[in-house]
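Enquirer: Take a look and give me a structure for this.
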Amino acid sequence: MTMILTTNAIIVAACCVMLWIISIATRDPSFVDSWWALGLALLAATSLLQIADPGPRNILLAALCVLWGLRLGLYLLWRWRSNGADPRYEAMLGKAQRKRGWSFAKASLLMVFALQAPLQFVVGLPVMLGQSGSGDISILSYIGAALAIVGIAFESIGDLQLVRFKADEANHGKVLDTGLWRYTRHPNYFGDACVWWGLYLIAAQSPIGVWSLPGPFLITFLLTRFSGVPTVEGSMRKRRPHYEAYIKRTSGFIPWFPKKV
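Expert: Below is the predicted model:
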């Protein structure tokens, strides 16, 4: 297990350095969002490949993470290619350059890639530590797999509904409050959390995998308190006049029926 963690730490660091160099050339680190998912899928695959005799549980754990990572990573990559640089990164790096006197390269390294690498490694603990122990599938793994599949479906449907909503010019300036978005303001983030708690349950079948609990806790914190919900809602409040009313009647994270306001 030490070899898996060491190898994957080197992989994460090397990939982030290469992507940082690309961001300097393009003057845009926005693609790092897609690397978040694709990198976690890579960690799952490399962890599985380091197991001498993988069993069904090992394959299940890696396969679900790769499925989630490829779907989300390619979607975010498509969105970046379609929409261009993310204003959030432009504002954040621009502020560092103006107020701190940092170069673009330094700001990109310290505020984007050097921050994401350790977070990505910790979140990926279930698909790394979970490769230890028996490869047999137990009831806990079945429950985890079901939760992860529900999460992938929930996130995918939410993203699809949002893409279709934005593609209709008649919805410009409006708030999406139909479909899954009627029951939670962030179906994509809720689905994301379900995936990683599901992967943790599969990992927890092994004694070492139980210790990967910081992974799902961290991703849940990031989604609900740091870079997910707070960032999106802060922006939406400024750009969508009806968003406050949407907040009052719609669950913030866990899906539930709308309130009558």
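
Enquirer: Based on its surroundings, how many neighbours for Asp136?
Expert: By other C-beta atoms under 10 Å, 11 other residues sit near Asp136. All C-beta atoms are positioned from the backbone trio N, CA, C, and that covers glycine.

Enquirer: how much space is there between it and Ser206?
Expert: 10 Å (C-beta to C-beta, to the nearest Å).

Enquirer: Could you work out the end-to-end span of stretch 235-248 for me?
Expert: Using C-alpha to C-alpha, to the nearest Å, one end of stretch 235-248 lies 17 Å from the other.

Enquirer: State the pLDDT value of Asp168.
Expert: In this model, Asp168 is scored at 94, pLDDT.

Enquirer: For it, what are phi and psi?
Expert: Per-residue torsions, Asp168: phi -90, psi 110 (degrees, to the nearest 10).

Enquirer: again, but for Arg27
Expert: Dihedral angles (degrees, to the nearest 10) for Arg27: phi 60, psi 30.

Enquirer: What count of nearby residues applies to the nearest residue to it once chain neighbours are set aside?
Expert: Nearest non-adjacent residue to Arg27, counting by C-beta to C-beta, 6 or more residues apart in numbering: Phe104, 6.4 Å away. A count of nearby residues for Phe104, using other C-beta under 10 Å, gives 16.

Enquirer: now Phe104: how far from Leu115?
Expert: 16 Å.

Enquirer: And Phe257, by the same measure?
Expert: From Phe257 to Leu115 the distance is 37 Å (C-beta to C-beta).

Enquirer: Thr6 now?
Expert: 21 Å.

Enquirer: So between the two, which is more surrounded?
Expert: For Thr6 versus Leu115, neighbours defined as other C-beta under 10 Å are more numerous around Leu115 (14 against 10).

Enquirer: ok, back up a step: anything in contact with each of Asp136 and Ser206?
Expert: Counting by C-beta atoms under 8 Å, 6 or more residues apart in numbering, Asp136 and Ser206 have no common neighbour.

Enquirer: May I have the secondary structure class of Arg79?
Expert: helix (DSSP: H, G, I helix; E, B strand; the rest coil).

Enquirer: so where do the helices sit in the stretch 151-261 of the chain?
Expert: When assigned using DSSP state H, counting those that start in this stretch, the helices of the stretch 151-261 of the chain occupy the ranges 187-203, 214-221, 229-239, 243-249.

Enquirer: now the longest one, how far from the chain's geometric center?
Expert: In this case it means helix 187-203. The chain centroid and the centroid of helix 187-203 are separated by 10 Å under C-alpha atoms, centre = their mean, to the nearest Å.

Enquirer: So which elements touch that helix?
Expert: helix 56-83, helix 125-129, helix 139-167, helix 214-221 (3 or more C-beta pairs under 8 Å, 6 or more residues apart in numbering; DSSP states H and E).

Enquirer: Leu119 is nearest to which of the ones you listed?
Expert: helix 214-221 (6.8 Å; C-beta to C-beta).

Enquirer: can you redo the helices of the stretch 151-261 of the chain as CSV with mean pLDDT, distance to Ile51 and mean neighbour count?
Expert: Formatted as CSV, those follow (pLDDT from 0 to 100; distance: least, C-beta to C-beta, whole Å; neighbours: other C-beta atoms under 10 Å):
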stretch, mean pLDDT, distance to Ile51, mean neighbour count
helix 187-203, 97, 13, 26
helix 214-221, 97, 19, 19
helix 229-239, 85, 36, 13
helix 243-249, 92, 46, 15
